[in-house]
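J.: Any chance you can model this:
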Amino acid sequence: MQIAGVEVYVNHPVLHLGATDWVPVSLDLGDADAASCDTHVAVRVRPQSDLIRVRIFRDSTDASGLDPTFATVFDGQLLLSDGRLAVGDVEGLTRFVRLVGDRGAWNVRVAVDRPGWEARAIDVTLGWPST
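T.: As a prediction, this is how the structure comes out:
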């Protein structure tokens with residue numbers, strides 16, 4: 001089920017997703033489509049051409065709304081210290097924050113319409129870690 005969505009304009013080819021804390025300086029995307037640390041995911045996107053569409057979903061058995069043609073660039077856990085997910089550009093000019101639930105570790109899957117320099121849409125799926 002989709003719980004949020006935002007469109008972001010970016011000047012640089014990187015969008016950050018994750019905790020509301022500062023993105024660690026050590027999070028380096030390099031040449032990869034995505035890179036992560038324990039609190040954030042950096043995703044390569046197409047800058048300065050279109051708005052980047054980000055949709056946020058809660059994991060459930062109902063997969064309606066998810067685009068099956070999107071390619072997964074990150075599938076792991078992120079620590080959301082206050083239960084909020086932030087989406088923002090590298091310059092810190094645009095920032096969207098959504099309360100998604102309790103604080104703690106979340107399973108996160110990030111998928112893009114076109115991995116690499118041409119990505120214009122991102123789907124983020126959040127779910128509780130299995131115990």
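
J.: Output the contacting helices and strands for the helix or strand where Asp123 lies.
T.: In this structure, Asp123 sits in strand 121-127 according to DSSP states H and E. Here strand 121-127 touches strand 14-18, strand 52-58, strand 84-89, strand 104-112, going by 3 or more C-beta pairs under 8 Å, 6 or more residues apart in numbering; DSSP states H and E. Heads up, the C-betas are built off the backbone N, CA and C, glycines and all.

J.: now those strands as a markdown table including distance to Ala119?
T.: Shown next, in a markdown table, are the helices and strands packed on strand 121-127 (distance: least, C-beta to C-beta, whole Å):
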| stretch | distance to Ala119 |
| --- | --- |
| strand 14-18 | 9 |
| strand 52-58 | 7 |
| strand 84-89 | 14 |
| strand 104-112 | 4 |
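
J.: got the contact list for stretch 11-24?
T.: Stretch 11-24 has contacts (C-beta atoms under 8 Å, 6 or more residues apart in numbering) with 8, 27, 29, 37, 39-48, 52, 54, 78-82, 84-91, 93, 97, 108, 110, 117, 122, 124.

J.: Quick check: the gap between the residue nearest the centre of the chain and Gly83.
T.: The centroid of the chain falls nearest to Leu17 when counting by C-alpha atoms, centre = their mean (3.8 Å). With distances taken as C-beta to C-beta, to the nearest Å, Leu17 is found 15 Å from Gly83.

J.: how far away is the nearest residue to Thr39 once chain neighbours are set aside from Asp50?
T.: Sequence neighbours aside, Ala19 is the residue nearest to Thr39 in space, at 4.1 Å (criterion: C-beta to C-beta, 6 or more residues apart in numbering). For Ala19, the distance to Asp50 equals 27 Å [C-beta to C-beta].
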